[in-house]
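> okay, predicted coordinates and the sequence, questions at the end:
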Amino acid sequence: MDWTIPKLPVADVTNAALDYLTDRFSGVTRAISHTVAAWIDVLTGGLNAVPVWIAIPVLALIIWRITTPKLALLSALGFFLLWDVDLWRATIQTLVLVLLSTAASLTIGIPIGIAAALSRRAWHGVSPVLDLMQTMPSFVYLIPAIPFFGLGAVSACFATIIFSMPPTIRLTALGILQTPGALVEAADAFGSSPMQKLFKLQLPLALPTVMAGINQTIMLALSMVVISAMIGAGGLGGEVWRAIQRLEAGDGFQAGLAIVIVAVILDRITQHIARQAQVH
Amino acid sequence: MKPARAAAATIGSSDKHAISSAVPAKPVTPAIQVSGLTKIFGLRQREGLDLLDAKTSRAEIQQRTGCVVGLENVNFSVRPGEILVVMGLSGSGKSTTLRCVNRLIDPTRGQVTVHGTDVTALSTKALRDFRRTGFGMVFQQFALFPHRTIVGNVEYGLEIQGMAPGLRRDKAMAAIEQVGLKGWAEARPSQLSGGMQQRAGLARALAADADILLMDEAFSALDPLIRRDMQGELVALQEKLKKTILFVTHDLDEAVALGGRIILMRDGRIVQEGRAIDFLLDPADDYVMRFVEHIDMFGIMTVEAAMMRTPCVMTADDPVAAMLARIDEGADEVVLSDQDGRYAGRLSAATIRAMRGTARVDVRGLATTDAILGSDTLGSALPRFSRDVRAVPVVDRSGKLLGQLTDTCIISAIAQQRRVGATRGAAGKL
């Protein structure tokens, strides 16, 4: 007897679906891609046009306004180091991608998180998708991005948004669900509508948790932007990628260190904001 | 639940008199009317309800359906301006009862009417509007919003009603002043002590000017001393505001201190309803008796309930000869009243004997400050007694003479409580 278990056509189905979607929508997505790519170019170009001796003090001043003088000083030192090793342009490129992707992640992720917290059904729908998004190896997102958005920064953004969104969704939902029951009851007892309860009680109390999610999203975005150098996103990841291909350990380590510096600066700034959100 | 029996009526009758004088005799529409309130927690409520109707025990209902009977046919009403204390141990259903009144918990069956409105029939939106203006609620763990200042918390109820910022701030500040938190308006709840936080909680409940206050173990989380202060202040505030208060507590001393009617609950049912003194002198069952065992009767029983109603009263116009006759019959003193029945002083046997031969007594200079109020507790009257003072005149707030509290009255009051305990104890042994 010859028993064969039919193979589940996961790969075939995925390909077929992608082909179908590419046929139907690639026109639209390519158009989007061109527009976004233009923006990214303008933004990156514009920032690079600013002389370093103006850009670094201005950045330090902004950081000082948001956080502490100490953090501003250390950030300025870090930026200076990046400029010194000729990685300033790459840093700007990476930062622009990270911030754009994060902004998109938050715009999509926070409302989904709120919906997931308020409706049990929404939570049951979102939760497995989040599990999938977080456990899928990040490289895999790069593959379908290419047919839609082509090689380059826009695909990198797309993959980064998907990869970095889950913490924002999860922690927004968690923060809202963690509102102490007694406080929710009090809000109900005084006759709050669901929206009043959300905006006057649950979201303000969830803010520190939401900020922790935003912090994680930024960190994930940075790591993904680095990885998407493989599809031509450039930036600091591009420097690492080139060092790998040429087996230049020194250049690779230098670019890696630059990524660490950017990561530390972004992390400390968001953590500081998260602490400030903790009002009580 | 059972009405106070005749045994309590002899001493408690004057007590009831006191109630009827405080509230108009004509039937008042209750502020809160709860009828047939039943709550079953769990998924198979229908089944649980059927079993409950078939007189199945709570334990069996839980075993067969997984449902917990929270409340079983609870009926009571609260008059406007009254404090009703719902008392019971944890799990007795007292908090569930309170939450059914503003439907933080939806009753499985039964009706709650507030000032004639059937709360149980309101739609979600109508219920929301009703909560905004109809109820103020105070919680055991304060439940202040930590991200708002005290005034931000207090004005919350007004804010969600859509009141203009200036107006609601004024009202909130007035409420804050009322509870004695002036100067703390801009503080965060975490900066305040427990007692002050609960004052803020009270201010929040008062700010919307709702007629009904729902207080859920409001003072239970406070230190004993602060708790007593807050109880006193609530009573004082209530004298002014005349809210209708439903107060849930597990603490009998607190129920006594608040001085209203008391409902004692156990296993989701009302065991007894009445005044504190009824629980003491006529407990419905052994459970109630165990509950009130440690209570000091002197702190509960009023002077009026224990006093003698027919002291030897004469007016200042009565001839001295008539007074002498009473002294000779064995009276220790003569209590005087004026034409309107107000207390006018008293004359000891020795004083009257010294006036032998005169026609009329001279009432000028007689002190009238030695009388005690009928509404005082026996405990507060005790210091007036000594080896020489064995009787104290009793008056009401207008100065009208009600009677006389003698040492014999006090002894018989003690004896009565002991008798209740003894008969119950004997019955238990059989």
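That came in fine, so what should we check first?

> every contact and neighbour count from this point should use C-alpha atoms.
OK.

> quick check, pLDDT for the closest residue to chain B within the stretch 151-280 of chain A.
Taking Cα to the nearest Cα, chain B has its nearest neighbour within the stretch 151-280 of chain A at residue A:191, 4.5 Å off. Looking at residue A:191, its pLDDT reads 92.

> does it touch residue B:136 like I think?
No: Residue A:191 is beyond contact range of residue B:136, at 10.1 Å (criterion: Cα atoms under 8 Å).

> residues in contact with the residue of the stretch 151-280 of chain A closest to chain B?
If a contact means Cα atoms under 8 Å, 6 or more residues apart in numbering or on different chains, then residue A:191 has B:127-132, B:157, B:160 as its contacts.

> so the residue in chain B sticking out farthest from the centre, which state does it fall into?
Distance from the C-alpha centroid of chain B, by Cα atoms, centre = their mean, peaks at residue B:357 (52.5 Å). Using DSSP: H, G, I helix; E, B strand; the rest coil, the structure places residue B:357 in coil.

> same thing with residue B:147?
Reduced to three states by three-state DSSP, residue B:147 is coil.

> hmm, residue A:204 and it touching each other?
Yes: when contacts are counted by Cα under 8 Å, residue B:147 is listed as touching residue A:204 (7.1 Å).

> for chain A, what is the nearest residue in the stretch 201-350 of chain B?
residue B:205 (8.5 Å).

> the nearest residue to that residue once chain neighbours are set aside sits in which helix or strand?
Nearest-residue entry for residue B:205: residue B:136, 4.1 Å, with adjacent residues in sequence omitted and distances by Cα to Cα, 6 or more residues apart in numbering or on different chains. Following DSSP states H and E, one finds residue B:136 within strand B:135-138.

> what helices or strands is that strand leaning on?
helix A:181-189, helix B:194-207, strand B:212-216 (3 or more Cα pairs under 8 Å, 6 or more residues apart in numbering or on different chains; DSSP states H and E).

> single out the most deeply packed of these.
helix B:194-207 (a mean of 25; mean count of other Cα atoms under 10 Å in any protein chain shown).

> what angle do helix A:181-189 and that helix make with each other?
20 degrees (axes from the mean of the first three to the mean of the last three Cα atoms, to 10 degrees).

> which residues does the closest residue to residue B:414 other than its chain neighbours contact?
Distances taken as Cα to Cα, 6+ apart put residue B:297 closest to residue B:414, at 7.9 Å, once the chain neighbours are dropped. For residue B:297, the contact set (Cα under 8 Å, 6+ apart) comprises B:277, B:280, B:414, B:417.

> quick check: the second one touching residue B:290?
If I follow you right, that is residue B:280. No: with contact defined as Cα under 8 Å, residue B:280 does not count as touching residue B:290 (10.0 Å).

> okay, these two: which has more neighbours?
residue B:280 (25 against 12; other Cα atoms under 10 Å in any protein chain shown).

> that one is in what secondary structure piece?
Going by DSSP H and E, residue B:280 is part of helix B:276-281.

> that older thread, may I ask which of the contacts of residue A:191 has the most neighbours?
residue B:157 (29 neighbours).

> that one: helix or strand, and which one exactly?
Using DSSP H and E, residue B:157 falls within helix B:156-160.

> and the lowest-mean-pLDDT helix or strand in chain A, what's buried?
Lowest on mean pLDDT, DSSP states H and E among the helices and strands of chain A sits helix A:139-149, with a mean of 83. Residues A:141-142, A:144-149 are the ones in helix A:139-149 that count as buried (16 or more other Cα atoms under 10 Å in any protein chain shown).

> same question, stretch B:406-426
Going by 16+ other Cα under 10 Å, stretch B:406-426 has these buried residues: B:406-407, B:409-410, B:413, B:416, B:420-421.

> stretch A:169-182 too?
Within stretch A:169-182, judged by 16+ other Cα under 10 Å, the buried ones are A:169-177, A:179, A:182.

> same list (those) but as CSV, adding pLDDT.
Output for these, formatted as CSV (pLDDT from 0 to 100):
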residue, pLDDT
A:169, 95
A:170, 94
A:171, 95
A:172, 95
A:173, 95
A:174, 94
A:175, 94
A:176, 95
A:177, 93
A:179, 93
A:182, 93
